[in-house]
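J.: compute the structure for the input listed below.
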Amino acid sequence: MPSALVVGYDPEAIPGLDAGALRKGLDEELDRFGEHGIDAAMALVVFDDSAESVLVAALTERPWDVVVVGGGIRKAEQLLPLFEEIMNLIRLHAPQAAIAFNTNGSDSVEAALRRM
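T.: Residues are numbered from 1 along each chain as shown. Predicted structure coming up:
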């Protein structure tokens, strides 16, 4: 079964958003991966010293076929250093994985399928 890791920004760390509703949407997206026969997991990070260890643990958990990097990380200019770190960690710890980008939390499956 193909596998996908989705890397996103932790909704709990975003002030002013309904983190519960956002997390529910992310969980629904993980369920959609299963409907497409893809075993998927999610690594949620924040822009602090914990990001690297969270990412390395997720990236080395298994050999992923594709890593989807979320738009919340990629589109926010202030998160550029985090985005760079994520890209370099994927290259180091999951070199076999294709890299895909979603536009929001509800099109991660389509992003992964483009690269599988």
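J.: where do the strands sit along the chain?
T.: Along the chain, the stretches classed as strands by DSSP state E are 3-9, 39-45, 66-69, 98-101.
J.: off-centre distance for the second one?
T.: Think strand 39-45. 6 Å (Cα atoms, centre = their mean, to the nearest Å).
J.: so what secondary structure elements neighbour it?
T.: Applying 3 or more Cβ pairs under 8 Å, 6 or more residues apart in numbering; DSSP states H and E, one finds that strand 39-45 contacts strand 3-9, helix 19-35, helix 51-59. From N, CA and C alone the C-beta is placed, and that goes for glycine too.
J.: neighbouring strands of it in the sheet, and parallel or not?
T.: Applying DSSP bridges, strand 39-45 is found paired with strand 3-9 (parallel).
J.: for the last one, same thing?
T.: Each strand that pairs with strand 98-101, with its direction, by DSSP bridges: strand 66-69 (parallel).
J.: quick one: mean pLDDT over the partner strand.
T.: For strand 66-69, mean pLDDT rounds to 98.
J.: name the surrounding residues that touch it.
T.: Contacting residues not belonging to strand 66-69 are listed as 2-7, 59, 83, 86-87, 90, 94, 97-102, 108, 111-112, 115-116 [Cβ atoms under 8 Å, 6 or more residues apart in numbering].
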